[in-house]
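Visitor: need a structure here:
(4 chains)
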2 protein chains.
Amino acid sequence: MGKLVTEMLKGTLEGIVLAILSGRPAYGYEITAQLRDQGFSDIAEGTIYALLVRIEQRGLVDVEKVPSEKGPPRKVYSLNDQGREYLEEFWRTWSFLADRLEQLRKGGK
Amino acid sequence: MGKLVTEMLKGTLEGIVLAILSGRPAYGYEITAQLRDQGFSDIAEGTIYALLVRIEQRGLVDVEKVPSEKGPPRKVYSLNDQGREYLEEFWRTWSFLADRLEQLRKGGK
DNA sequence: CTCAGCTATTCGGTGTTGCTAAGTACAGGT
DNA sequence: ACCTGTACTTAGCAACACCGAATAGCTGAG
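Guide: The predicted structure follows:
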């Protein structure tokens, strides 16, 4: 999509992934594919994996290694309580920003 | 506000400033104050100035030096045609992202 | 059986961005 | 003279998404 999206994703991609995980546990490859389906056509694979490592280190998710039928074992991530809390905080921050931008869009016309 | 906002601002702050400039020309100090009023309580001054330099170098704004009554001369920035075009692109990208997040927020519950 | 192709993860290096912190510069009040 | 408020600049830092390559396992075509 371009540089604009790339920059905007900084800080939101993390929330997006957490939101996806809040639905059900998932592993990296799956998440990447899902994002691609949902319109984030050019999200780099490496980006997701790096992000997953990060949120794991922060203790927002639990990890379980699950053997795959067609490849190396999957690392399945699931949102834990701390992650759920963080996700709520994320939504609050997002709302704040979205509200401000909505106002600017109306007023600034 | 915290790290979350800081990261989210990456990529959006630029649009925010352009949106402000689309209302009327303004200078850095003024923009910073305005943002603070509008709830971005801890935006760093240096951040805005650096951003303004950037968008000037990209040719999105025109600059005019205007003497001030109470300090060094102001650099007044005004959105030009290219900037207006870019701002529209920004809004399109923002809408895309906001839509995706809105969906996630509903579905992921 | 080997090789291509899909699944799945890891890693090193890059560019952009916002923050921190300090410094420069000018006006007016005490 | 000194401090406060206005106004801009600069250098160095950390976080994040990207790119490209490497690794690893499995399956099916040749």
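
Visitor: now do the residue nearest to the spatial centre of chain A against residue A:8, distance only.
Guide: Centroid-nearest residue in chain A: residue A:17, 1.8 Å away (criterion: CA atoms, centre = their mean). According to CB to CB, to the nearest Å, residue A:17 stands 15 Å off from residue A:8. For every residue, glycine as well, the C-beta is placed using N, CA and C.

Visitor: which ones are touching the residue nearest to the centre of chain A?
Guide: Contacts for residue A:17 were tallied using CB atoms under 8 Å, 6 or more residues apart in numbering or on different chains; they are A:31, A:48, A:51-52, A:55.

Visitor: run through the residues you listed and flag the ones next to DNA strand D.
Guide: Residues of the contacts of residue A:17 in contact with DNA strand D (CB under 7 Å from any atom of the strand): residue A:51.

Visitor: pLDDT and secondary structure added to the contacts of residue A:17, as CSV?
Guide: Output for those, formatted as CSV (pLDDT from 0 to 100; DSSP: H, G, I helix; E, B strand; the rest coil):
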residue, pLDDT, secondary structure
A:31, 97, helix
A:48, 97, helix
A:51, 98, helix
A:52, 98, helix
A:55, 97, helix
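
Visitor: can I get the contacts of residue A:17 in CSV including neighbour count?
Guide: As requested, the contacts of residue A:17 are arranged in CSV below (neighbours: other CB atoms under 10 Å in any protein chain shown):
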residue, neighbour count
A:31, 21
A:48, 21
A:51, 18
A:52, 21
A:55, 18
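
Visitor: out of the contacts of residue A:17, which one sits closest to residue A:104?
Guide: residue A:51 (28.4 Å; CB to CB).

Visitor: so how far is DNA strand C from that closest one?
Guide: 10 Å (CB to the nearest atom of the strand, to the nearest Å).

Visitor: write out the residues of chain A neighbouring DNA strand D.
Guide: Close to DNA strand D, as judged by CB under 7 Å from any atom of the strand, chain A has residues A:5-6, A:9-14, A:42-47, A:50-51, A:54, A:69-72.

Visitor: now residue A:14: closest residue in space that isn't a chain neighbour?
Guide: residue A:51 (6.0 Å; CB to CB, 6 or more residues apart in numbering or on different chains).

Visitor: next, count neighbours for residue A:46.
Guide: 10 (other CB atoms under 10 Å in any protein chain shown).

Visitor: swap in residue A:12?
Guide: With other CB under 10 Å as criterion, residue A:12 counts 25.

Visitor: in what helix or strand does the nearest residue to it once chain neighbours are set aside lie?
Guide: Excluding the flanking residues, the one nearest residue A:12 by CB to CB, 6+ apart is residue B:8, at 6.0 Å. Counting by DSSP states H and E, the element that carries residue B:8 is helix B:3-9.
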